[in-house]
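**Q** pasting the sequence and the predicted model now:
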Amino acid sequence: MKTFYDEMLKTNEINVGRLTENINGDLVMRALEKDGMSFNDMLCLLSERALLHIDILASRAKEMTDTHFGKNINLYIPLYLSNECSNSCSYCGFNVNAVIPRNTLTIAEAEIEMKRIAATGMKNILLLTGEAPAKAGVGYMEHVIKIASLYFTQISLEVYPMDIPEYERLVKAGATGLVIYQETYDETLYAKLHETGPKKNFRYRLEAPERAAQAGFRFIGIGALLGLSEWRKEAALMFSHAKYLSKKYWRSDIALSFPRITPARGCKTEIAPVSETELRQMIFTARIYLEHAVINLSTRESAVFRDSMIGFGVTRLSAGSKTNPGGYEIHPEASGEQFMVNDTRTVEEVTLFISERGYYPVFKDWDISLNEKIK
């Protein structure tokens, strides 16, 4: 069966850099005037020339955000269950060679963390682990998901890639969403960044969102880790991936994330910086090209930047994030985090700002009981 990998091979034959260099202002404006955009139109909006029209892109992105999402900003919070990992990703603070305190929460500890999080009013939780099945395998995740169902209405996972039967077990346990970043769509670079560990299988990871959709996840999030490779090509491939998934697996909502690399202990990867202006351009383009996609912005970004993007493409924000296992209650002062949090505001502070801007902070827009009505 053909997958996005086959589509990506065709796209890789296109020299994105050369195409975007040859784009002029007229082509950018023509692309913006179209109702349905082609791949080449999307490249126009990612071009360096389009930066001269960034205000028009922003206006168009806001118009489309208001039309399809209104003034709703969905909120979620991450809970790191384990930072133990068998992969050697050179950019990640959890990599197997990093000398950090390692910890996997027990079921009881996970519930203590959940109670603390639930007290903030959050109803949407993202459960994360490294890739260490012996410590945090499918059986462990099933148990944690069932506990989480007592406190949260939406339960998403950011865990290692699995086969369809394993994903089906997690959906049956109560998981509603899966997030899995490809990190980079450059297969050659990917091999250099993942020298050892199961994550080095590029294609198996790339096809994970499709297996997740087949298993019944309602929400699927994808993304590239910005700063690993040339951002325009990464964005073009990520947007193509999202378009492909939304057409082929229309029962699942597709979400995009735009994480920029932030410092992590043990990180040995050369960074290709992505500026805030370039990040804005990517997000505006994503909204215009993928009208109905959820666009997420995490606490990797500063409070000032995240606040400025409310209503301009972004529809989902994390808040009050801790990126080490037990960071909310069990081990609040411990190190061993995956990345440095830049927006350190509490859930209450983020909620208040959203309201003051005239938008609506949404804690719950789905209930697990609705799954039965869809079947």
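**A** Thanks, I have it.

**Q** tell me which element V28 is part of?
**A** helix 25-33 (DSSP states H and E).

**Q** how far does that helix sit from the chain's center?
**A** 29 Å (Cα atoms, centre = their mean, to the nearest Å).

**Q** next SSE after that helix?
**A** helix 39-46.

**Q** V96 reaches G197, doesn't it?
**A** Yes. Using Cβ atoms under 8 Å, V96 is in contact with G197, at 6.6 Å. All C-beta spots, glycine's among them, are computed from the backbone N, C-alpha and C.

**Q** joint contacts of those two?
**A** Shared contacts of V96 and G197 (Cβ atoms under 8 Å, 6 or more residues apart in numbering): C85, S86, N87, S88.

**Q** OK, contacts around I56?
**A** M29, L32.

**Q** which residue ranges form the strands in the protein?
**A** 72-80, 124-128, 154-158, 177-179, 219-223, 253-257, 294-297, 316-318, 360-362 (DSSP state E).

**Q** now those strands in CSV, with mean neighbour count, distance to V304 and mean pLDDT?
**A** Shown next, in CSV, are the strands of the chain (neighbours: other Cβ atoms under 10 Å; distance: least, Cβ to Cβ, whole Å; pLDDT from 0 to 100):
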stretch, mean neighbour count, distance to V304, mean pLDDT
strand 72-80, 22, 16, 96
strand 124-128, 23, 23, 97
strand 154-158, 24, 26, 97
strand 177-179, 25, 25, 98
strand 219-223, 23, 22, 97
strand 253-257, 22, 19, 97
strand 294-297, 22, 12, 97
strand 316-318, 23, 14, 97
strand 360-362, 16, 18, 95
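
**Q** check contacts around G70.
**A** Taking Cβ under 8 Å, 6+ apart, one finds Y360 in contact with G70.

**Q** need the pLDDT of A334.
**A** Looking at A334, its pLDDT is 63.

**Q** and what of E230?
**A** 90.

**Q** that one: how many residues sit nearby?
**A** 15 (other Cβ atoms under 10 Å).

**Q** how close does it sit to E195?
**A** In this view, E230 and E195 are 21 Å apart by Cβ to Cβ, to the nearest Å.

**Q** what do you get for F39?
**A** Taking Cβ to Cβ, one finds F39 at 33 Å from E195.

**Q** who's more crowded, those two?
**A** F39 (14 against 11).

**Q** which one is E131 nearest to, not counting chain neighbours?
**A** Counting by Cβ to Cβ, 6 or more residues apart in numbering, Y160 is the residue found nearest to E131 once chain neighbours are left out, at 3.9 Å.

**Q** most neighbours, which of the shared contacts of V96 and G197?
**A** Busiest of the shared contacts of V96 and G197 [other Cβ under 10 Å] is C85, holding 25 neighbours.
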